[in-house]
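Predicted model follows, preceded by the sequence.
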Amino acid sequence: MRMESVLKKIFSGKNDEEIHNEFIKFSRGIFNNRYLIQAKKQKDSWSIKTGYEFANFFVRKCLSRIAGEIDLKGAVVYTGRLDDIKIPISRVKQFMGVKQYIIETKVKASEVLDLMNKHPKAFYALSFKFEDGELKIKAKAPKSAKPSNKGDGEPKGNFCALKTKDKEIISDLFFDFPDFKEIQIKHSLNIEEIILPKEVEDPVKLRELSKRKGKIIREIKVDGKSDKKEVSFEA
């Protein structure tokens, strides 16, 4: 089964648990400058920079192409416990209930993928090199999702940096403009309604089971041209 990013799924009219989990953190409101992407085509590869939202997708996608071991560095950020983690941990940092499991080790790619499958809600800020590229992600927790203010500056998608020859990643991120020399994309989320589940009183379950309904606006600048798309969603 082909691995797809949350945005690709939404704009393709799909809906699943991963999409639902992606939007749990959002309240009602307008969230500008999300899912930032910029890329340049190089001779036989692409150089990509994005916001934090693509971290888990990149880690999983790149690791799925690796059969052996990698030198892994970074952090797994999680509010839960990782008692079953088999990857060596250098140390654990904790602040406001959020744990950062600091990693710097050599490990099998399959062991990291197993951890991601067991704990899909964790944030994997991991960096490593592979045969035809390199992934660098800032080893820290992403900022909490807050509605945008008028004073928000020009967006910068520099949390993740990926050099790759993988055409599948390009066709996923740039599904509307896969052939380009240089491209920049930003998204605005308008969460119009939060649909609460019936007969649920536990506040934790209420938050996890509530659905977000709204729109995503995709603004694109590609090789000197501009384009805009919009999609409605409920997840």
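That came through fine. Every value quoted in this text rests on a predicted model; they were computed, and no experiment measured them.

can you give me the helices in this protein?
For the chain, the helices defined by DSSP state H cover 6-11, 17-23, 55-63, 109-118, 167-173, 203-209.

can you dump the C-alpha coordinates of the fourth one into PDB?
By that I understand helix 109-118. Extracted in PDB, the C-alpha atoms of helix 109-118 (Å, rounded to 0.1, in the frame of the first residue of the first chain):
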ATOM      1  CA  ALA A 109      15.500   1.100  10.300                       C
ATOM      2  CA  SER A 110      12.900  -1.600  10.900                       C
ATOM      3  CA  GLU A 111      13.100  -1.000  14.700                       C
ATOM      4  CA  VAL A 112      12.300   2.700  14.300                       C
ATOM      5  CA  LEU A 113       9.400   1.800  12.100                       C
ATOM      6  CA  ASP A 114       8.100  -0.700  14.700                       C
ATOM      7  CA  LEU A 115       8.200   2.100  17.300                       C
ATOM      8  CA  MET A 116       6.300   4.400  15.000                       C
ATOM      9  CA  ASN A 117       3.600   1.800  14.400                       C
ATOM     10  CA  LYS A 118       3.200   1.200  18.100                       C
END
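
now the angle between helix 55-63 and it, please.
Put simply, helix 109-118 runs at 150 degrees to helix 55-63, going by axes from the mean of the first three to the mean of the last three C-alpha atoms, to 10 degrees.

Quick check: beta-bridge partners of residue 215?
Applying DSSP bridges to residue 215 gives these bridge partners: residue 190, residue 232.

hang on, it packs against residue 192?
Yes. In this structure residue 215 lies within contact range of residue 192 using C-beta atoms under 8 Å: 7.2 Å. In this view, the C-beta of every residue, glycine as well, is placed from N, C-alpha and C.
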